[in-house]
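Undergrad: Need a 3D model of the sequence below.
(one chain, ligands or ions: 1)
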Amino acid sequence: MTTAIVHHPIYREHETGEGHPERPERYEVVMAALRGDEQLWPQLLEVQAGAATRGAVQACHTPQHYKTIERVVSEGTGYLDSDTIVSMRSMDAALTAAGGVCRAVDAVMKSEANNAFLPVRPPGHHATAERAMGFCLFNNVAIGARYAQTHPEIERVAIVDWDVHHGNGTQGIFYDDPSVFFFSMHQYPWYPGTGARGETGVGRGRGYTLNIPVRAATRAQEQRSMLDAALEEMSQRFKPDIIFISAGFDAHEADPLGQLLLTDEDFTLMTRAVKQWAASACQGRVISCLEGGYNLGTLGGTVRSHVRELMAE
Ligand SMILES: [Zn+2]
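TA: Numbers count the residues shown, from 1 in each chain. Here you go, the predicted model:
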């Protein structure tokens, strides 16, 4: 398997201020862990991300939202919500995060790579069509999903969100859309408060959103069984042409922003399970995009386990 790592040094330049957990070092520890692995790194395909077009962003966000971020960033450091902070390079970083996901789609569709991982900052899954929230400016995975649908071979997209927080933004963007199946497994109740079992979509999208709430301190093995059951249920109802992972690693047992108990080994097994679905449904096409993960001491190792498994035969 060829796994692409699509990234850009600008992911480090989105400054969030002293003491903020979503900090530039997150990108640095992930890249150091990948580059420092002498077996893994030479086998990966490094691809440089470019900026998303305004049109690609506005396929998921209102023009007003785009303008608001542009304006706040141009004014210097500012708050988009109580914990979403931007600085001078944040617009470029956010556009390059979303653009990276589009580039990863192209890499997989042109068979440059079988799958891809992106260590993006800022993250995206809390960003709604209308606003930034929860450290997220533009919804990277949602923009990538819409972009993928511009390829003639891609009609149906599945998104697997295993971040410890519910992917409310992604859910909202596709809530009435039967062409994008959104699945989230997350600690519940927890930030941002959404993601109950009963949230399953509306209109033609009913049945194309699946939420698996997980209680704090649930045993890891039990949580993995919940994921396996959900993947089984989805694979019977939906055949995607490509699968995205909203890969938050804040459900790790060592993470300061969550209370779930997953280990590096659990993330490896979860990665394998998603790959198996992709192998049977869509020629193995998987685009995995970093969301949360805030323990700087463990994040690099966890991502390395994930990427090793993406690359495994
Ligand atoms: Zn999170």
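Undergrad: Would you mind listing the buried residues in the helix or strand where Ala279 lies?
TA: Assigned by DSSP states H and E, Ala279 belongs to helix 264-282. Within helix 264-282, the residues that count as buried by 16 or more other Cβ atoms under 10 Å are 264, 266-271, 273-275, 277-278, 281-282. To be clear about C-beta, it is placed using only N, CA and C from the backbone, and glycine gets the same treatment.
Undergrad: Would you tell me what the next helix or strand after it is?
TA: Taking DSSP H and E, what comes next after helix 264-282 is strand 286-290.
Undergrad: Summarise which helices and strands that next one is packed against.
TA: Packing partners of strand 286-290 (3 or more Cβ pairs under 8 Å, 6 or more residues apart in numbering; DSSP states H and E): helix 90-109, strand 115-118, helix 140-148, strand 242-247, helix 264-282, helix 299-311.
Undergrad: Which elements pack onto the following helix or strand past the third one?
TA: Moving toward the C-terminus from helix 140-148, the next helix or strand (DSSP H and E) is strand 157-161. Where contact means 3+ Cβ pairs under 8 Å, 6+ apart, strand 157-161 is packed against helix 140-148, strand 180-187, strand 242-247.
Undergrad: Strand 157-161 and the ion in contact?
TA: No. On the criterion Cβ under 5 Å from the ion, strand 157-161 is out of touch with the ion, staying 9.4 Å away.
Undergrad: That strand relative to strand 286-290, how many degrees between them?
TA: On the basis of axes from the mean of the first three to the mean of the last three Cα atoms, to 10 degrees, strand 157-161 is oriented at 40 degrees to strand 286-290.
Undergrad: Need the distance between the two termini of stretch 104-117.
TA: From its first residue to its last, stretch 104-117 covers 8 Å (Cα to Cα, to the nearest Å).
Undergrad: Which parts of it count as buried, going by neighbours?
TA: 104-109, 113-117.
Undergrad: And stretch 165-177, by the same measure?
TA: For stretch 165-177, using 16+ other Cβ under 10 Å, the buried residues are 165-175, 177.
Undergrad: now stretch 196-203
TA: By 16+ other Cβ under 10 Å, the buried positions in stretch 196-203 come out as 199, 201.
Undergrad: Just the CA coordinates for it, please, in CSV.
TA: Extracted in CSV, the C-alpha atoms of stretch 196-203 (Å, rounded to 0.1, in the frame of the first residue of the first chain):
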residue,chain,number,x,y,z
ALA,A,196,-27.5,11.6,20.8
ARG,A,197,-28.5,8.2,19.4
GLY,A,198,-31.8,9.7,18.1
GLU,A,199,-30.0,12.1,15.8
THR,A,200,-30.3,10.2,12.5
GLY,A,201,-30.8,12.8,9.8
VAL,A,202,-33.8,14.6,8.3
GLY,A,203,-35.8,14.5,5.1
